[in-house]
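Visitor: A structural model of the following input is requested.
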Amino acid sequence: MEYRVLETRSADILTKYYSNEIDSFLNACHEDILWIGPAEKHVIRTREALVDAFSQEEHKLEFVLSDLKVFSIGLTERSCEVIMFFILDTIWPDSSVGRADQRIQFSWVSENGEEKIKLCHISNAIKYDERDRIYPVHYEEIYKKNVCSGERRTKRVIVNGVDRALVFLDRSWIAYVESSGSHCVIYTLTAHLNQCRALRCLNDDIGICLCAVMKIIL
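Guide: Numbers count the residues shown, from 1 in each chain. A predicted model of the protein is given here:
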């Protein structure tokens, strides 16, 4: 098995998976695949059952995948583990966004000259405490409630950056905004974002009134 090829193929399948193009994933699945999702009761065995489950799934969710890292572990000449770590933003129809630090494991096997995924394991990381190296000794109530890492689900302002980046910004993070001709600059407590739209357009997007500050020179 060519591990690098499987890394690239896995990344391509993952990207299409979260673009709601599920066929590439299903076509790569072994007939006896075990699919384990991030929530309890998310366990499906066999490709037939998986295809049936996805065919009944209807949603209007959108996903943004970023910071993807892919690793492979060769086990035998006919098996390989591909593990992918990434940030996943889920966008609901009401424009709220939730973020998860997600990881997916594909267990590839080679049978009859074809590589197929026999295990797909999806998980979301829980919040990390710097004091704990292995066991969650200090997680306390956060761990007991099984809160996933990432950011809470909130309404977001969509910022179109001048560098063509698309940022889903929590409104509570905004400290102030400066007009810059046909553009504007959004300042948060930790950074500033160059928005390619005018200040008046941002005011409409946010849905709250931005108070104008005028500089008067005497």
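
Visitor: Any idea what the residue nearest the centre of the chain is bridged to?
Guide: Closest to where the C-alpha atoms of the chain average out (C-alpha atoms, centre = their mean) is residue 88, at 0.6 Å. Judged by DSSP bridges, the bridge partners of residue 88 are residue 65, residue 100.

Visitor: ok, it touching residue 100?
Guide: Yes: counting by C-beta atoms under 8 Å, residue 88 touches residue 100, with 5.0 Å between them. In this view, the C-beta of every residue, glycine as well, is placed from N, C-alpha and C.

Visitor: what helix or strand is residue 200 on?
Guide: helix 199-206 (DSSP states H and E).

Visitor: Could you give the average pLDDT over that helix?
Guide: Across helix 199-206, pLDDT averages out at 68.

Visitor: Identify the residues contacting residue 186.
Guide: With contact taken as C-beta atoms under 8 Å, 6 or more residues apart in numbering, residue 186 is in contact with 159, 169, 174, 177, 192-193, 195, 202.

Visitor: wait, I meant residue 107
Guide: 79-81, 117-121.

Visitor: swap the cut-off to 7 Å and go again
Guide: 81, 117-119 (C-beta atoms under 7 Å, 6 or more residues apart in numbering).

Visitor: what do you get for residue 156?
Guide: Counting by C-beta under 7 Å, 6+ apart, residue 156 has contacts 95-97, 168-170.

Visitor: try residue 176
Guide: residue 187.

Visitor: Helix, strand, or coil at it?
Guide: strand (DSSP: H, G, I helix; E, B strand; the rest coil).

Visitor: So what pairs up with it in the strands?
Guide: Under the criterion used here (DSSP bridges), residue 176 is bridged to residue 187.

Visitor: Let's see the pLDDT reported for it.
Guide: 85.

Visitor: how close does it get to residue 182?
Guide: 19 Å (C-beta to C-beta, to the nearest Å).

Visitor: now the helices for the chain?
Guide: 3-17, 23-28, 47-55, 140-144, 199-206 (DSSP state H).

Visitor: would you turn those helices into TSV with mean neighbour count and distance to residue 63?
Guide: As requested, these are exported to TSV (neighbours: other C-beta atoms under 10 Å; distance: least, C-beta to C-beta, whole Å):
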stretch	mean neighbour count	distance to residue 63
helix 3-17	17	9
helix 23-28	16	14
helix 47-55	14	15
helix 140-144	11	25
helix 199-206	15	21
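
Visitor: For residue 166, give me its contacts.
Guide: Here residue 166 is in contact with 158, 160 (C-beta under 7 Å, 6+ apart).
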